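**Student:** no FASTA, just this:
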């Protein structure tokens, strides 16, 4: 038997190489459509577009190829003299164009079926990609349609094939060399808390591109409905670059912007989310790896969401590890995980060779989620754990509740290094249930201690499983972080130093920690979604990332534990927002896959705003028949709902109704605004008031601007005012609807109550933008390479740059017309702050194509095009460096020695290190004396 061993990857940092090339053996048969050659292989030629084997000539990516139209198949035959039917172990190399991330169906004559399957997911590389399918049960005998031995195709999109080649042999993962350990203080798993990272929401311009947001079509209104949506919560999309967003069939968001969604595998999206985690201080992610489609093939491409995660973690200093989800296990699961771990994880992507891959004393961490759930047999679980241990791994098991009672999986449990029992949906979503679960945790921890295992409990912020088996909605309220903090309290009281957060980006079950839709303004007007504020407490979209990060620091002793939620609901610029909206949600029970027979559609009104929370009458002097209620289809500013406030006042009336509880510390220049519709003259005297934690009201303060009399009746009017410095430092504990005024009946409607930062005090200085450093990948380009530029720009002025204005950055290469550029940064840059920018050219994956071997001068120019905003100095916006094509790289600030020394860039501990003649420099050209 001929063995096929992949060459170990020589790791030199993400900037130098993103994947290891495969050493494919000499083919015994092939058909090459790029140069119209073949050997002992042929495809079935059919020119009838109505026939299943129909394919057509095409050109993609500058190469001739064969197009397989959607719904058709390409059949390939092999010469029996070259490929006898008795040859079981074969490897088939398929070079396809990565035009999307759909599946490519692959069938073959196997020992047990004429149409055995080894489908794989394509890489959306916008270029040519090679996948090798390894078969151990081949039995090529021409028993497919048209006498084919194999076939390729897909029903949802066109495919383009450049070459198919066949070689004898197999993979041998058990005997591959194990990568060197990366045992560093910075990548230790213990004492850090990670979150599950699905990265499974896919989107694109075509219906077939959509996965998990919905399936096979653009998402639109209706849950489990035809052309509807399949997630219960919605992301905050306000910070994503529009170039990476895709149109949906929803109406606009409540804020009037188009409703778009993203492909979570895109490098830009992963980078953005990792930057959020870095800002919040979140430790890292467990990358979910679903086993249903892995291990039957290996793929060559510099584009992979796994590589994107690795690069983003290295750039932001986050840690990561692989978590296999055993859903989709079959009889081959042990071998498939071996294949995936060795060739995809260790070698091709070199994930465990990254300094940011989490380890325990140098042992790469890997989780097997689903042990004990009957996804894989006890024997298979034992085999997988033993294999991963043989590769030097620290193995976590994601188990069901009650795992410690043993049963058929007892042996597998005791083989684990760490146990992490799943809790989402296990107990009631109320705070008391969460606290009571501590008894189960204590039992689990005792079992782990007795058997030499670590214990990693699962915590979650909230959830919404939508339809239970008896066709009811199941929603667990987040309560402004109180549910999550109750679980953290359990862990703290038990002396645990880490937890597992479920999940970072799970929108199906609404457990997401990353920035999510907060209220009505962030979701489509024609669809209900879970929002962070729908349970009555308004929190910012980054609140749960901040809270989870703080929790991790508390558990490892870096922060002080408090009994209540320790972080502010918002750090601005918005602190409270309420349009009092609910949404009518329609659910197709048949589409849910639950229940028997035909079920009627189910509709329910559910809040998406804070609406009323712990509401009550605060004060009632001389008021009768008072009514404060949320009403539908009356006078309103936004959406369908508003607040009707009415009553019958007597002389000296003073009435206040608390609609919401809040916890907002007043800052300088904070602003309050709302819309009011006075239905009658006395309605002009109704207003929104604020309650402070010292039980005083804003309206009781001398010179308060809050008691604002409307100028008119019968019209929706904006009321806004700034809180004076006398309020600074006080805590707003409640929002009030209040009346102080004339005797008689009054009636008014209120909508869009907002508390936010006001305009900052005027600054007399000006910004001053400079380029502090820039570099490119690949570091040593040659002719034809796609070169991506990166730059760090700094505002060294004494004023911030303007907000919502393009901060242009262009890269000009000598002898090249035009420029590559970045135009994605629109946020204000404070004085003294720096940001990192990457060229995008107005489209994803922009680059400069390296010309013939020569010396090129590159100029980076910030605030180009004559300047989109005024600076104190417009003559210091440029930096110049030299590229030696097919040679070496000149680093602008490195010591000049009159030579063209060989320069490399590597990443260590999340930092960019420049190596020149064996000496290490940082990106500013400063020599590193002690790293």
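**Tutor:** It's in. Note that the structure is predicted; figures quoted are calculated from it, not measured.

**Student:** Test my guess that residue 179 contacts residue 350.
**Tutor:** Yes: Residue 179 is within contact range of residue 350, at 7.4 Å (criterion: C-beta atoms under 8 Å). Bear in mind the C-beta positions are built from the backbone N, C-alpha and C, glycine included.

**Student:** which of those two has more neighbours?
**Tutor:** residue 350 (24 against 21; other C-beta atoms under 10 Å).

**Student:** Need the three-state assignment for residue 490.
**Tutor:** Here residue 490 is recorded as helix under DSSP: H, G, I helix; E, B strand; the rest coil.

**Student:** and it, how far is that from residue 440?
**Tutor:** 10 Å (C-beta to C-beta, to the nearest Å).

**Student:** swap in residue 258?
**Tutor:** If you go by C-beta to C-beta, the gap between residue 258 and residue 440 works out to 46 Å.

**Student:** Check residue 186 too.
**Tutor:** In this structure, residue 186 and residue 440 are 34 Å apart, going by C-beta to C-beta.

**Student:** So for those two, which sits in the more crowded spot?
**Tutor:** Set side by side, residue 186 and residue 440 show more neighbours around residue 440, with 18 against 13, by other C-beta under 10 Å.

**Student:** OK, contacts around the closest residue to that one other than its chain neighbours?
**Tutor:** Leaving aside its sequence neighbours, residue 440 sits nearest to residue 401 (C-beta to C-beta, 6 or more residues apart in numbering; 7.0 Å). Residue 401 makes contacts with 421-423, 426, 440, as judged by C-beta atoms under 8 Å, 6 or more residues apart in numbering.

**Student:** Quickly find the element holding residue 401.
**Tutor:** Counting by DSSP states H and E, no helix or strand carries residue 401.

**Student:** Quick check: the closest residue to residue 207 other than its chain neighbours vs residue 603, distance?
**Tutor:** Excluding the flanking residues, the one nearest residue 207 by C-beta to C-beta, 6+ apart is residue 217, at 4.6 Å. Remark: distance between residue 217 and residue 603 (C-beta to C-beta) = 22 Å.

**Student:** Of the two, give the one with the bigger neighbour count.
**Tutor:** Higher neighbour count among residue 217 and residue 603: residue 217, with 16 against 10, using other C-beta under 10 Å.

**Student:** quick one: that one and residue 206 touch, right?
**Tutor:** No: in this structure, residue 217 is not within contact of residue 206 by C-beta under 8 Å, at 9.7 Å.

**Student:** shouldn't residue 213 be in contact with residue 232?
**Tutor:** No: applying C-beta under 8 Å, one finds residue 213 not in contact with residue 232, separated by 11.5 Å.

**Student:** Identify the contacts common to the two.
**Tutor:** Shared between the contact lists of residue 213 and residue 232 (criterion: C-beta under 8 Å, 6+ apart) are residues residue 507.

**Student:** more crowded one of the two?
**Tutor:** Taking other C-beta under 10 Å, residue 213 and residue 232 do not tie; residue 213 has more neighbours (26 against 23).

**Student:** phi, psi of the more buried one?
**Tutor:** For residue 213, the backbone dihedrals (degrees, to the nearest 10) come out as phi -60, psi -40.

**Student:** can you give me the helices in the chain?
**Tutor:** 267-280, 305-316, 333-339, 378-390, 410-415, 431-436, 438-450, 482-493, 543-555 (DSSP state H).

**Student:** Might you report the residue contacts of residue 748?
**Tutor:** Counting by C-beta under 8 Å, 6+ apart, residue 748 has contacts 644-646, 676-679, 683-684, 686, 710.

**Student:** can you pick the most crowded of the residues you listed?
**Tutor:** residue 686 leads the contacts of residue 748 on contacts (other C-beta under 10 Å) with 29 neighbours.

**Student:** right, and it touches residue 740 too?
**Tutor:** No: assessed by C-beta under 8 Å, residue 686 is found out of contact with residue 740, at 9.0 Å.

**Student:** roughly how far apart are the closest residue to residue 406 other than its chain neighbours and residue 38?
**Tutor:** Nearest residue to residue 406 in three dimensions, chain neighbours excluded: residue 413, at 7.5 Å (C-beta to C-beta, 6+ apart). Note on residue 413: its distance to residue 38, by C-beta to C-beta, is 53 Å.

**Student:** How much space separates the nearest residue to residue 190 once chain neighbours are set aside from residue 92?
**Tutor:** Spatial nearest neighbour of residue 190, chain neighbours left out: residue 360 (6.1 Å); criterion: C-beta to C-beta, 6+ apart. Residue 360 is 38 Å from residue 92, where distance means C-beta to C-beta.

**Student:** and the two? which has more neighbours close in?
**Tutor:** Set residue 360 next to residue 92 and count neighbours by other C-beta under 10 Å: residue 92 wins out with 26 against 18.

**Student:** need the contact list for the residue nearest to that one when sequence neighbours are not counted.
**Tutor:** Excluding the flanking residues, the one nearest residue 92 by C-beta to C-beta, 6+ apart is residue 133, at 4.8 Å. Neighbouring residues of residue 133 by C-beta under 8 Å, 6+ apart: 91-92, 94, 106, 118, 120, 296-297.

**Student:** again, but for residue 647
**Tutor:** Residue 647 neighbours (C-beta under 8 Å, 6+ apart): 623-627, 655, 739, 745-746.

**Student:** And the pLDDT at it?
**Tutor:** Listed pLDDT for residue 647 reads 98.

**Student:** ok, it to residue 232 distance?
**Tutor:** 39 Å.

**Student:** count of residues packed around residue 37?
**Tutor:** Look at residue 37: counted by other C-beta under 10 Å, it has 10 neighbours.

**Student:** ok now do it, which residues does it touch?
**Tutor:** By C-beta under 8 Å, 6+ apart, the contact set of residue 37 is 30-31.

**Student:** partner residues bridging it?
**Tutor:** residue 32 (DSSP bridges).

**Student:** Pull up the gap between it and residue 159, please.
**Tutor:** Distance from residue 37 to residue 159, by C-beta to C-beta: 21 Å.

**Student:** swap in residue 609?
**Tutor:** On the measure of C-beta to C-beta, residue 609 and residue 159 end up 46 Å apart.

**Student:** so what's the residue nearest to residue 92 bridging to?
**Tutor:** residue 92, residue 297.

**Student:** Next one, pLDDT for it please.
**Tutor:** Residue 133 carries a pLDDT value of 95.

**Student:** Surely residue 74 touches residue 149?
**Tutor:** No: in this structure, residue 74 is not within contact of residue 149 by C-beta under 8 Å, at 11.9 Å.

**Student:** More neighbours: which of those two?
**Tutor:** Higher neighbour count among residue 74 and residue 149: residue 149, with 27 against 22, using other C-beta under 10 Å.

**Student:** close enough to count as contact, that one and residue 139?
**Tutor:** No: using C-beta under 8 Å, residue 149 is not in contact with residue 139, being 9.2 Å away.

**Student:** Could you name every residue contacting both of those two?
**Tutor:** In contact with both residue 149 and residue 139: residue 109, using C-beta under 8 Å, 6+ apart.
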